[in-house]
Structure formats: structure tokens, C-alpha cells
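Participant: Quick one, structure for this:
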Amino acid sequence: MRQQLRSRRAPTFPHGYRYRLDDQDEVNQNYLADEEEEAEEEARVMGVRNLEEEEKEEEQKEEEEGQGQPTGNTWWQKLQLMNEYLWDPEQRMSLARTGLILVIYFFFYASLAAVITVCMYMLFLTISAYMPTFTERVKPPGVMIRPFAHSLNFNFNVSEPDTWQHYVISLNGFLQGYNDSLQEEMNVDCPPGQYFIQDGNEDEDKKACQFKRSFLKNCSGLEDPTFGYSTGQPCILLKMNRIVGFRPELGDPVKVSCKVQRGDENDIRSIHYYPESASFDLRYYPYYGKLTHVNYTSPLVAMHFIDVVKNQAVPVQCQLKGKGIINDVINDHFVAAGTLHDAEEARASRM
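Facilitator: Now for the predicted structure:
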């Protein structure tokens with residue numbers, strides 16, 4: 001506008017009047033500047049109001065959405081955090097890792113698993129499922145004693161059946177698999193005194209020799225259902241643990257020998273063994289393992305303590321004796337050690 005005014009030919013005015021016109025132009029410019037500032041301020045105020053309204057609308061939406069979520073939504077928040085940890089769509093990350101790192105991890109662990117799998121496969125190719133590659137023989141071989149007794153202390157009173165009835169129950173349960181009818185049905189009658197060697201592939205089923213309950217005679221529970229505990233003459237059974245491929249050396253069967261461990265040897269004046277040879281016959285060896293020798297029945301030796309001192313504890317030791325069997329192991333001097341306490345009142349102490 002100022003340019004337009006200047007382009008016209010205006011009448012001449014006094015010099016002082018011209019200064020007054022310039023002052024009026026400055027006033028007009030200041031007025032326009034004030035109006036622009038007011039407009040900007042109004043725009044800012046409107047923007048703040050709009051932001052506040054948007055925030056309120058978002059809060060209302062969140063409240064409406066929260067009404068559909070379960071109250072006490074701590075678990076819901078944890079689930080959301082877990083989902084974000086598994087996959088964050090904004091940063092395109094999984095498990096707080098980028099895709100490249102995950103691919104590297106995948107191939108690393110897959111390669112590790114493949115190496116381990118190949119090594120295990122090669123190892124199993126060298127191992128037979130039927131015959132151990134390396135056999136660590138325990139010398140002497142381990143044995144098991146029945147009836148079961150805590151700490152191998154056999155304490156009982158002849159006149160009180162409750163003190164020895166649990167021994168009878170334990171023996172009866174253990175000998176169920178040795179019943180004559182069951183042995184005749186499952187196993188074969190083998191000639192005594194020689195190994196029962198069976199040729200053929202190692203995965204072929206093997207036959208087993210009979211060991212009948214009647215072989216134990218007075219300790220079979222057939223003639224005396226109380227196994228001698230009612231008369232103060234207890235029976236104790238001993239079984240040698242199975243060792244795959246084991247054969248007694250030089251064809252001599254392993255024998256059992258029992259005596260007083262410490263104290264007066266006359267505390268045990270008489271012991272009867274069943275079978276009478278007090279040995280594990282050769283016909284029950286070798287053992288071919290549980291996969292092929294399914295019906296194998298371990299042989300037993302029964303010790304019948306006929307005459308044991310009454311009313312005192314008698315420590316007893318039993319040893320396996322045979323060629324190649326060592327009994328002087330430092331940490332196991334005796335194959336079996338226990339105490340019999342036979343009272344009239346009978347007590348039998350360690351086996």
C-alpha cells in the first residue's frame with residue numbers, strides 16, 4: 001500500500017506533515033503484527049485443546065477396552081509383555097534379537113545337535129544290546145540275602161510269632177517264582193555238573209535250567225511253613241548276583257561257607273546247607289542276559305541254622321569260595337555279614 005501511495009503524484013505537503021504520515025505507517029504495521037501474534041496464539045490454544053481432547057478420547061477408549069479384560073489384570077499385562085518379547089512388530093525383533101542373530105543361533109545349535117547325534121549313533125554301533133562290551137566283575141560277586149532284614153539283623157522270639165512272621169512272609173513271596181509247577185512249565189531239566197552252553201546268534205532266545213523250590217528241602221517252606229523260625233532253627237537264603245557270561249573257573253562250582261565272624265565258634269554248632277553241596281551248580285552258567293535269557297532263575301543256597309546259642313547275638317559271616325573269587329577286598333572282607341539273635345526268644349544276628 002505504501003508503494004501504491006508513493007506511485008501516485010500526491011500534492012506537496014509541508015515537510016513536518018510528511019513525518020506524520022510515516023509515523024502512521026509504522027502504527028499500521030505494528031497493528032498487523034499484533035493481529036498475527038494473536039492469531040498464532042489462538043492457533044496454539046486450539047492445538048492444545050485438540051490434543052487434550054484426543055488424549056481424553058484415547059483414555060476413554062482404553063477404559064472401554066479395559067472393561068472387557070479381567071479385573072486384576074496383572075497376568076494379562078504379563079501375557080502382553082511375553083507376546084511382545086516373543087515378537088515385537090514395531091522393531092521386528094524376536095526374543096529381543098534380530099532375525100540375523102536368530103538364524104545364526106539356529107544353525108549353531110542345529111550343528112551342535114547333529115554332531116552329538118552322530119557321535120551317539122557311532123557309539124551305539126559298537127555296543128551290543130545283548131552282551132556288555134566291558135564287564136567289571138565285582139570280586140567277590142555280589143550276593144542277596146532273604147528274608148529281608150533291616151541292617152541284616154535277624155532278631156526274633158520263638159514264643160512270639162509277631163517277631164518272626166514277617167520273615168516267613170518275605171521268604172514265601174520270594175520263592176513264588178521257584179515253585180515246582182512253574183519251573184517245570186517254563187524251564188528245562190538240565191544235567192548237573194556241566195555248563196549249559198547254547199550256541200546260535202546272540203539275539204536268539206535262550207533256555208534256562210530248572211531250579212525248583214523243592215531243592216531247598218527243609219528250607220523250602222513246603223515241609224515247614226515257618227522255615228524253622230517257630231522252633232528257633234531259622235533258614236536264610238543266599239543268591240549270587242547275575243553276571244553276563246560268567247563261568248566258575250576250572251569247572252569248579254562256587255561254594256558257600258558260613259561261620260561265626262567273631263566270638264566263640266561254638267555259638268553255631270550245626271548248619272545244614274541246601275542243596276547239600278552248598279554250591280551253585282555249573283548248569284546255571286553262563287548267563288546270557290535278560291533280553292534273551294528271559295526265564296532264567298538264579299540258583300540259591302539255603303543255610304539252615306540247626307543249633308545256635310540262644311538269648312544272645314551271634315555275628316555270622318558267609319563267604320563265596322571258588323577259583324578266581326577274591327575274598328580279601330579291603331572294603332568288603334565278607335560276602336555277607338549279619339547277626340542272628342535267637343531267643344526262646346530266638347535271635348539271629350548279622351548275615
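Participant: Now do the helices for the stretch 51-200 of the chain: every range, in order, please.
Facilitator: Using DSSP state H, counting those that start in this stretch, the helices of the stretch 51-200 of the chain run over 74-86, 99-125, 165-174, 180-186.
Participant: Go ahead and confirm residue 228 touches residue 304.
Facilitator: Yes - with contact defined as C-beta atoms under 8 Å, residue 228 counts as touching residue 304 (6.3 Å). Where you see a C-beta, it was placed from the backbone N, CA and C, and this is true even at glycine.
Participant: which residues are in contact with both of the two?
Facilitator: Common contacts of residue 228 and residue 304 (C-beta atoms under 8 Å, 6 or more residues apart in numbering): 218-219, 234-235.
Participant: May I have stretch 110-128 as PDB, with CA atoms only?
Facilitator: Provided in PDB are the C-alpha atoms of stretch 110-128 (Å, rounded to 0.1, in the frame of the first residue of the first chain):
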ATOM      1  CA  ALA A 110      21.400 -77.400  14.900                       C
ATOM      2  CA  SER A 111      25.100 -78.200  14.000                       C
ATOM      3  CA  LEU A 112      25.800 -79.000  17.700                       C
ATOM      4  CA  ALA A 113      22.800 -81.400  17.900                       C
ATOM      5  CA  ALA A 114      23.900 -83.100  14.700                       C
ATOM      6  CA  VAL A 115      27.400 -83.700  16.000                       C
ATOM      7  CA  ILE A 116      26.100 -85.100  19.200                       C
ATOM      8  CA  THR A 117      23.600 -87.300  17.400                       C
ATOM      9  CA  VAL A 118      26.300 -88.700  15.000                       C
ATOM     10  CA  CYS A 119      28.700 -89.400  18.000                       C
ATOM     11  CA  MET A 120      25.900 -91.200  19.900                       C
ATOM     12  CA  TYR A 121      25.000 -93.200  16.800                       C
ATOM     13  CA  MET A 122      28.600 -94.300  16.200                       C
ATOM     14  CA  LEU A 123      28.900 -95.200  19.900                       C
ATOM     15  CA  PHE A 124      25.800 -97.400  19.800                       C
ATOM     16  CA  LEU A 125      27.100 -99.200  16.700                       C
ATOM     17  CA  THR A 126      29.900-100.500  18.800                       C
ATOM     18  CA  ILE A 127      27.700-101.700  21.700                       C
ATOM     19  CA  SER A 128      25.800-104.900  21.700                       C
END
